[in-house]
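fold the following and give me the result.
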Amino acid sequence: MLKTITSEEIDCLALGAWILGTGGGGNPEPGRLIMQNLYKEGTRVQLIDPDTIRDDASIATVASQGAPLVSQERFKDPKVIARSVELLARHLEIQFSCLMALEVGGSNAFYPLMAAAELGLPVVDADWMGRAYPELQMAGMCLSDIPPFPLVSVDPRGFETVITNATDWKRLEDISRKICSAYGSTASICLPPATGKQMKNNAVPRTLSFAIEIGATVKLANSRKESPIEALLALTGGTLLFQGKVTDVERRPSEGFLRGSLTITGSSDFTHQNLQIEFQNEWLLARSDEAPVAMSPDLICLLDEVTGEAIGTEAARYGQRVCVVVMPPPDIFCTTAGLALVGPRAFGFPLDYSSAFST
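Modelled structure (predicted):
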């Protein structure tokens, strides 16, 4: 089943995808502006429900790779994203039937839409993460039988690289990240192709429409002068973890990532408490008075306490009044195999996963 995305839904997608980005994935505002300009020119993009896709369909997954700060300075060109798809199709001598996001979080939600505007293909209403994660091997496609190659990486200056072999997904991440760094810490990539059956078995379904619903919910609450935080929690089944003022931020670019930590001093019900959140592009581990209280794969979201809009790891600063919301993760990442990819130990934290939603 195909559904045309409306101009209003593009705005809602930007708001919702930024929240699902959990601090990373890149600010979606450039993608929103590009898509709105394309819509003014008459372009339309369609979503296709994942259940209606043939098992033997060929799906191209597109994404931006690199540091969020660099991506804000170098906007993605739809033609460059589409070029990565065309180059992979030519290399494999196949035709793709639809496009898909690697991650629904942040700007990466818009890259399949931008490519679709150039290629005329529908976009699968699904992604491989259900949020944003900093590395390629942290995706549902890595839990399938999809081989970790080939991958195409392109740059707007005309640099094009095809990785024709890799021993595993982590090796593919390492090689492609080095290429991305050589490009200037941002690249448009097209990942190894997936079939419709592989997508149905290992992707997170209907995440683009969920992001649109999140954005619409927050916008409606604001228009009614109601609490967008409460509206978001009611929609997602999330919980308010903390509220207060940002009092310290430490961040540094490292190997194509933005790493660091954030400290919040509590207010309201959290007075006399502190929360520290560590990040690698995304918010990954929250500690209250040194005790872990939320961790990946739980979705840790830093939001403006008044508007409910997301604050990225690159944009957090002293004095911001914020709420920290935690939302449940997709089931696929709560399995033993899933936690090996995205649990706290995958990021170097010596902790076993403990859900913020454990009873």
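
what's in contact with stretch 178-191?
Outside stretch 178-191, the residues within contact range by Cβ atoms under 8 Å, 6 or more residues apart in numbering are 60-67, 70-71, 74, 76, 80-81, 83-85, 87-88, 102, 111, 136, 141, 151-155, 159, 161, 163, 176, 253, 255-256. The C-beta positions use only the backbone N, C-alpha and C, and glycine is treated the same way.

can you give me the first-to-last residue distance of it?
This stretch, stretch 178-191, spans 16 Å end to end (Cα to Cα, to the nearest Å).

about what we covered before: mind checking which of the contacts of stretch 178-191 are buried?
Of all these considered here, the ones buried according to neighbour count by 16 or more other Cβ atoms under 10 Å are 60-67, 70-71, 74, 76, 80-81, 83-85, 87-88, 102, 111, 136, 141, 151-155, 161, 163, 176, 256.

tell me which of those residues fall in strands.
Secondary structure defined by DSSP state E assigns 60-66, 151-154, 161, 163 of the buried ones among the contacts of stretch 178-191 to strands.

quick check, nearest of those residues to Cys98?
When those are compared for distance to Cys98 (Cβ to Cβ), Ala60 comes out closest, at 7.6 Å.

what's the closest non-adjacent residue to the closest one?
Distance criterion Cβ to Cβ, 6 or more residues apart in numbering; nearest residue to Ala60, sequence neighbours excluded, is Phe96 at 4.3 Å.

is the one you found in a helix, a strand, or coil?
Phe96 carries the three-state label coil when classified by DSSP: H, G, I helix; E, B strand; the rest coil.

and what of Asn165?
coil.

mind checking how far it is from Val154?
Separation of Asn165 from Val154 (Cβ to Cβ, to the nearest Å) stands at 19 Å.

give me phi/psi at the residue sitting furthest away from the middle of the chain?
Within the chain, His272 marks the point farthest from the mean C-alpha position, 33.0 Å out by Cα atoms, centre = their mean. When read as degrees, to the nearest 10, the backbone of His272 gives phi 70, psi 20.

same check on Pro156?
Note on Pro156: backbone dihedrals following degrees, to the nearest 10 are phi -60, psi -20.

could I get the pLDDT score of it?
pLDDT, the model's per-residue confidence, is 88 for Pro156.

what's the closest non-adjacent residue to it?
With Cβ to Cβ, 6+ apart as the measure, Val80 is the residue that lies nearest to Pro156, at 5.0 Å, once sequence neighbours are left out.
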